[in-house]
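Undergrad: What follows is a predicted structure for the sequence shown.
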Amino acid sequence: MKRYGEVVHILSRQTKNNLVLIGEPRVGKIAVVEGLAQRIVSCDITSNLVDVRLIALYMGVLVAGARYIGEFEEILKVILKEVENAPMLAMGKL
């Protein structure tokens, strides 16, 4: 898959290794991330990405789980603290 190769290439860079997958619903953005996750788990990926951890966040679920604005902010603080230690983050439906 061409897109998968592009994603791996960008993430493997020493600098400018951030990317956002943008597209219409149901075009395969999540499939690309899930394919990347599967390759990481099976160690079928470039060596600098073998120890990478993916975290998926679904904003709709996070917002729905908070009863009030302050609670949502607290949830985000906990997530951001965890993400500081994660080399990679995947978010769904921004």
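TA: Received the coordinates, thanks.
Undergrad: now the strands: where do they sit in this structure?
TA: Per DSSP state E, the chain has strands spanning 56-58, 90-92. These are given in chain order.
Undergrad: Of those strands, which shows the lowest average pLDDT?
TA: When mean pLDDT is averaged over each of the strands of the chain, strand 90-92 scores lowest at a mean of 62.
Undergrad: Point out where this protein drops to low pLDDT.
TA: Low-confidence segments of the chain, defined by pLDDT under 70, are located at 1, 85-94.
Undergrad: Got the domain ranges for it?
TA: Domain assignment for the chain, taken from automatic domain parsing, gives 1-52, 56-94.
Undergrad: ok, now which ones touch Gly28?
TA: Under the criterion of C-beta atoms under 8 Å, 6 or more residues apart in numbering, the neighbours of Gly28 are Arg3. (Glycine included, C-beta is placed from N, CA and C.)
Undergrad: Now do the contacts for Val50.
TA: With contact taken as C-beta under 8 Å, 6+ apart, Val50 is in contact with 40, 43.
Undergrad: go on, Leu19?
TA: Residues 7, 10-11 are the ones in contact with Leu19 under the rule C-beta under 8 Å, 6+ apart.
Undergrad: you'd agree Ile10 is up against Asn17?
TA: Yes. In terms of C-beta atoms under 8 Å, Ile10 counts as a neighbour of Asn17; the distance is 6.0 Å.
Undergrad: remind me, longest helix of this structure?
TA: As assigned by DSSP state H, the longest helix anywhere in the chain is helix 69-84.
Undergrad: buried set for it?
TA: Of the residues in helix 69-84, those with enough neighbours to count as buried (16 or more other C-beta atoms under 10 Å) are 72, 83.
Undergrad: elements contacting that helix?
TA: The elements that helix 69-84 packs onto, with contact taken as 3 or more C-beta pairs under 8 Å, 6 or more residues apart in numbering; DSSP states H and E, are helix 59-65.
Undergrad: The helix it packs on: which residues count as buried?
TA: Going through helix 59-65 with 16+ other C-beta under 10 Å, nothing comes out buried.
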